[in-house]
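**Q** Have a look at this prediction, sequence included:
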Amino acid sequence: MNRKPHALNIDCVYSIGERKTKKKLGRSKFEGHIILKDNKTTIRLPMRSFVQNFLTTLQGIFAGEIGSSNANNTEIATASIAAGVSITRKAGILIGNGLSTPSITRTDLVARVSSVSYGLTYGAHSFVAPYAPTSTELKARITRLLTNASSNNFSILEVGLKTKKTASTASNVGMVLRTHDGVTETFYAASDKLVSLDFTIARTGETGGAVLNLLRVFYNLFLLGSVNYSTLLPRVGSAGSYSYASATASGAFVVDGAAAKYWGVVVGKYEDDVDTGEGEEGIGSTPPSGTNPLIDTDDYGRNFGINTSLTYGANTITSVTQSGNKVYFTVSRAITNGTTAAILLNRIGLLGKGMTAAPTAVMADQVFTMVNRSASNISLAPNQTIRVEYKFEISV
């Protein structure tokens, strides 16, 4: 059966003035595949779905609510997957032999296979840091070696990825970030099996969307528990030039908050409509380097000039909402041209707050997780308002 992955879809839409019609600036799809490999076979299957807990944690990072308002969102550093003896059977890549109807609210595998019941040994995890094989695709991988030390074969019917609830997992409740149904693979007696999860963010090349930093936020915080594992691309400067002062801080990616024009949904203009890596920029930063492919993949001016002469309303992040087989949240903002002249825009982005509690200027340590490009300049007339919404949605 040829199944496609069920992805996290990220859409950017905007409207101007009183017009009801929203214009979409492309879609980014965060999806993945399972790879099961032994000395007999290698199979590759699409992941069945992300689940609600994954989206809840991502919303908590953006809203600055990790460890406070949501009891299931412990500090991300203690809820990561990082390798260790204490999590061998309770977190990370896990396999099961149960089946059920796919559910967006699932919090565990149906029947997790433990070492007690099947003589199964869960090895340590290995990781491939996020990278960009093409200008429209971003990838990362997590792998775990499993050993069936028994004299019996058994079937793998489900694969999951589960975070820790606490550092010790002594009373682990955990969060399943994604579950995968529809797997049917034999785990032979006295054999090893490599289980890999490949994660991919694909996007529409001409309109941009998710940039490498978004995959690095997931990789660094969800999987490894430290913001500095895979160095984020700063708003200005070279890749690898900046590390965060607090290795466990997730506050750097907050986009919620008051009507401050220096983080959250921002708009501006990149002067060079053809991404050569050279040319004039809008307000205030250095053009991306054409010699660094990681920067070029961040879509036509990762560090575009943010227009700070506009009047920015408050960033609004909704709670995670379930509607049937879909779960979503949105990040939105209204931005008004209070000047006496029309202002041209061609970039919309989602900019983290950085390590400053309430920046009063755009700081070097802030990073974009989204950069969208309009097909042509958007003209915002005096007293007109542009309303921008990023929607993060998963379904089964």
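**A** Nice, thanks for sending it over.
**Q** Give the full set of residues in contact with T121.
**A** T88, S115, L146, T147, A149 (Cβ atoms under 8 Å, 6 or more residues apart in numbering). C-beta coordinates here come from the backbone N, C-alpha and C atoms, glycine included.
**Q** which one of those has the most neighbours?
**A** Counting neighbours by other Cβ atoms under 10 Å, L146 leads the contacts of T121 with 22 neighbours.
**Q** show me the contacts for the residue nearest to that residue when sequence neighbours are not counted.
**A** Excluding the flanking residues, the one nearest L146 by Cβ to Cβ, 6 or more residues apart in numbering is K193, at 5.0 Å. Contact partners of K193, counting by Cβ under 8 Å, 6+ apart, are L36, K37, D38, L145, L146, T147, N148, I156, F187.
**Q** so K193 is in which element?
**A** Assigned by DSSP states H and E, K193 belongs to strand 191-203.
**Q** Which positions in that strand come out as buried?
**A** D192, K193, V195, S196, L197, D198, F199, T200, I201, A202, R203 (16 or more other Cβ atoms under 10 Å).
**Q** What is the nearest of these to E18?
**A** Minimum distance to E18 across those is 30.4 Å, recorded for R203 (Cβ to Cβ).
**Q** Pretty sure that closest one sits against F30.
**A** No: with contacts counted by Cβ atoms under 8 Å, R203 stays clear of F30, the gap being 9.7 Å.
**Q** what touches both of these two?
**A** Common neighbours of R203 and F30 (Cβ under 8 Å, 6+ apart) are A210.
**Q** quick one: strands adjacent to the helix or strand hosting V265?
**A** Using DSSP H and E, the element containing V265 is strand 264-269. When pairs are called by DSSP bridges, strand 264-269 turns out to pair with strand 305-306 (antiparallel), strand 343-351 (antiparallel).
**Q** So which of the contacts of K193 belong to strands?
**A** Judged by DSSP state E, the subset of the contacts of K193 located in strands is L36, K37, L145, L146, T147, N148, I156, F187.
**Q** For the residues you listed, which entry has the maximal number of neighbours?
**A** Going by other Cβ under 10 Å, F187 tops those with 24 neighbours.
**Q** Give me the secondary structure label for L215.
**A** Here L215 takes the helix state, with states given by DSSP: H, G, I helix; E, B strand; the rest coil.
**Q** Show the contacting residues for it.
**A** F30, P130, L138, K139, A140, F199, I201.
**Q** Reformat those residues as TSV; add secondary structure, distance to K22 and pLDDT.
**A** Below are these laid out as TSV (DSSP: H, G, I helix; E, B strand; the rest coil; distance: Cβ to Cβ, whole Å; pLDDT from 0 to 100):
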residue	secondary structure	distance to K22	pLDDT
F30	strand	22	90
P130	strand	30	88
L138	strand	26	86
K139	strand	31	91
A140	strand	31	93
F199	strand	29	91
I201	strand	23	87
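**Q** of these, closest to K391?
**A** Looking across the contacts of L215 and measuring by Cβ to Cβ, the closest to K391 is F30, at 13.1 Å.
**Q** Check the burial of the residue lying closest to that closest one once chain neighbours are set aside by counting its neighbours.
**A** Nearest residue to F30 in three dimensions, chain neighbours excluded: L8, at 4.0 Å (Cβ to Cβ, 6+ apart). Here the number of neighbours of L8 (other Cβ under 10 Å) works out to 25.
**Q** confidence score at L8?
**A** On pLDDT, L8 comes in at 89.
**Q** Out of the strands paired with strand 264-269, which is the most enclosed?
**A** strand 343-351 (a mean of 23; mean count of other Cβ atoms under 10 Å).
**Q** How about the very next helix or strand once past that one, which residues are buried there?
**A** The C-terminal neighbour of strand 343-351 among helices and strands, as given by DSSP H and E, is strand 368-380. Residues of strand 368-380 classed as buried: F368, T369, M370, V371, N372, R373, S374, I378, L380 (neighbour count, 16+ other Cβ under 10 Å).
**Q** Surely the second one touches N213?
**A** It refers to T369. Yes: between T369 and N213 there is a contact under Cβ under 8 Å: 5.1 Å.
**Q** Assign the closest residue to T308 other than its chain neighbours to one of the three secondary structure states.
**A** Once flanking residues are discounted, T308 sits nearest to K261: 5.3 Å by Cβ to Cβ, 6+ apart. Three-state assignment for K261 (three-state DSSP): coil.
**Q** hang on, K261 packs against S309?
**A** No: applying Cβ under 8 Å, one finds K261 not in contact with S309, separated by 9.0 Å.
**Q** Quick check: which ranges of this protein have low pLDDT?
**A** Scanning the chain for pLDDT under 70 picks out 1-5, 19-20, 65-80, 82-88, 116-117, 164-175, 178-182, 204-206, 234-250, 271-303.
**Q** Outline the domain layout of it.
**A** Domain assignment for the chain by automatic domain parsing gives 30-200, 207-395.
**Q** Throw those domains into a markdown table and include distance to K24, thanks.
**A** Shown next, in a markdown table, are the domains of the chain (distance: least, Cβ to Cβ, whole Å):
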| stretch | distance to K24 |
| --- | --- |
| domain 30-200 | 17 |
| domain 207-395 | 8 |
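**Q** Which one of those domains lies nearest to E18?
**A** domain 207-395 (9.0 Å).
**Q** which stretches of the stretch 1-150 of the chain form strands?
**A** Per DSSP state E, counting those that start in this stretch, the stretch 1-150 of the chain carries strands over the ranges 8-16, 23-37, 42-46, 49-50, 92-96, 120-134, 137-148.
**Q** What about V227, how many residues nearby?
**A** Count around V227 with other Cβ under 10 Å applied: 26.
**Q** actually K29, not the one I typed
**A** Counted with other Cβ under 10 Å, K29 comes out at 18.
**Q** just E137 next, same as before
**A** For E137, using other Cβ under 10 Å, the count is 14.
**Q** ok, now how distant is it from T105?
**A** 30 Å (Cβ to Cβ, to the nearest Å).
**Q** can you check I61 too?
**A** Distance from I61 to T105, by Cβ to Cβ: 20 Å.
**Q** Between these two, which is the more surrounded one?
**A** The neighbour count for I61 versus T105, taken as other Cβ under 10 Å, is higher for I61 (23 against 11).
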